[in-house]
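Novice: next input, structure requested:
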Amino acid sequence: MSSSSPVLPSEIEAILNRGDLIAAVAQDHQTKEVLMVAWMNREALNLTLATSRVTYWSRSRNELWEKGLTSGHTQRLISLSYDCDGDAVLLMVDQSGAACHTGERTCFHRGIELEK
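Specialist: Residues are numbered from 1 along each chain as shown. Reported below is the predicted structural model:
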């Protein structure tokens, strides 16, 4: 990919122009399993699109973080789509190792029993 910033859809640009973060849902491109939800800012989104290495914005650390840079549990971007309002993106990824910081494959490993 080119090193220049990609052209983002106008709906996403509108969100980013306000300085807001975009919710990012990571899904395994083969199994369709939802792996995690995180946040992206303009720089994280542009880095992800330019490198295919998924990068997020950490609200708690107030910094960018490339998924797997320290753990080795990386996410390679396969495709990206966005919702009708442009305030969330769906990342189809090739997940290497666990997606969750707890070591679980997915962050959604805790279920709630529903009353029938």
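
Novice: please give the element, helix or strand, for Cys84.
Specialist: Assessed by DSSP states H and E, Cys84 sits outside every helix and strand.

Novice: check Ala26 too.
Specialist: If you go by DSSP H and E, Ala26 is part of strand 22-28.

Novice: just how off-centre is the longest helix seen in the chain within its chain?
Specialist: What stands out as the longest helix in the chain, according to DSSP state H, is helix 42-51. Distance of helix 42-51 from its chain centroid, counting by C-alpha atoms, centre = their mean, to the nearest Å, is 10 Å.

Novice: could you do stretch 55-75 as well?
Specialist: Worked out by C-alpha atoms, centre = their mean, stretch 55-75 lies 10 Å from the chain centre.

Novice: in the protein, where is pLDDT below threshold?
Specialist: The model of the chain has pLDDT under 70 over residues 1-6, 17.

Novice: which stretches in it count as helices?
Specialist: Ranges of helices in the chain, per DSSP H, are 10-17, 42-51.

Novice: sorry, back to before: for the longest helix of the chain, buried residues please.
Specialist: Neighbour counts over helix 42-51 (16 or more other C-beta atoms under 10 Å) mark Arg42, Ala44, Leu45, Asn46, Leu47, Thr48, Leu49 as buried. For glycine as for every other residue, the C-beta is placed from the backbone atoms N, C-alpha and C.

Novice: again, but for stretch 96-110
Specialist: Result for stretch 96-110 [16+ other C-beta under 10 Å]: buried residues Ala98, Ala99, Arg105, Thr106, Cys107.

Novice: now do that stretch: distance from first to last residue.
Specialist: End-to-end distance for stretch 96-110, by C-alpha to C-alpha, to the nearest Å: 21 Å.

Novice: closest to the centroid, which residue in this structure?
Specialist: Nearest to the geometric centre of the chain sits Ala24, at 4.1 Å (C-alpha atoms, centre = their mean).

Novice: for the nearest residue in space to it that is not next to it in sequence, give me its contacts.
Specialist: Nearest non-adjacent residue to Ala24, counting by C-beta to C-beta, 6 or more residues apart in numbering: Met40, 4.7 Å away. Contact analysis of Met40 by C-beta atoms under 8 Å, 6 or more residues apart in numbering lists Leu21, Ile22, Ala24, Thr48, Thr55, Tyr56, Trp57, Val89.
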